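> predicted model follows, preceded by the sequence.
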Amino acid sequence: MTTPTPAPGSVTMYSTTWCGYCHRLRKQLDSAGIAYDVVDIEQQPEAAQLVETLNGGNQTVPTIVFPDGSAATNPSLAQVRERLGV
C-alpha cells in the first residue's frame, strides 16, 4: 500500500471525529496557517488500514503524513513545523 502524499507545505491528518488530540492539533494548524486535509479513518476503511500500517498495527490518531511521504503519530505543532520547514 502506498501512502498518498500531500502538496508541499501541507499535511494529511488521519483522524476520527471523537479524538481530542486531533481537535487540538487541527486548531493549532489553523492558527499557524498550515494547510491540511483530514481523512476520517472510521469512514474510510482503506485509510484505517494505512494508519495501522504506519503505526505497527494500531489505529493511532492523529497520524500525520508529510509531503515527503514520511509520517508522525500525534506530533506537536513544533514537530509539524520542523518537518515542513516553516
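Sure thing, it's come through. Just so it is clear, the structure is predicted and the values come from calculations on it, not from any experiment. Residues are numbered from 1 along each chain as shown.
> now the terminal residues of stretch 35-49, how far apart.
24 Å (CA to CA, to the nearest Å).
> buried residues in it, which are they?
Tyr36, Val39, Asp40, Ile41, Ala47, Ala48 (16 or more other CB atoms under 10 Å). (C-beta placed from N, C-alpha, C; glycine too.)
> quick one: contacts of that stretch?
1, 6-7, 9-17, 22, 26, 29, 51, 59, 61 (CB atoms under 8 Å, 6 or more residues apart in numbering).
> could I have the buried ones of those residues as PyMOL selection syntax?
In PyMOL, a selection of the buried entries from the contacts of stretch 35-49 looks like this (16+ other CB under 10 Å):
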select buried, resi 6+11+12+13+14+15+16+22+26+29+51+59+61
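> sitting in strands, which of the contacts of stretch 35-49 do you find?
Within these, residues falling in strands by DSSP state E are Ser10, Val11, Thr12, Met13, Tyr14, Ser15.
> ok, so of those, who is nearest Gln79?
Each of the ones in strands among the contacts of stretch 35-49 was scored against Gln79 by CB to CB, and Val11 proved nearest at 10.9 Å.
> pLDDT below threshold where in this structure?
1-2 (pLDDT under 70).
> list the buried residues for the longest helix along it?
The longest helix of the chain (DSSP state H) is helix 20-32. Residues Cys22, Leu25, Arg26, Leu29 are the ones in helix 20-32 that count as buried (16+ other CB under 10 Å).
> tell me the angle of the strand or helix carrying Ala48 relative to strand 10-15?
Assigned by DSSP states H and E, Ala48 belongs to helix 45-54. Counting by axes from the mean of the first three to the mean of the last three CA atoms, to 10 degrees, helix 45-54 lies at 100 degrees to strand 10-15.
> and Val65, how many neighbours?
23 (other CB atoms under 10 Å).
> is Arg83 in contact with Gly69, as I believe?
No - the pair formed by Arg83 and Gly69 falls short of the contact definition of CB atoms under 8 Å, at 11.4 Å.
> what touches both of these two?
Common neighbours of Arg83 and Gly69 (CB under 8 Å, 6+ apart) do not exist.
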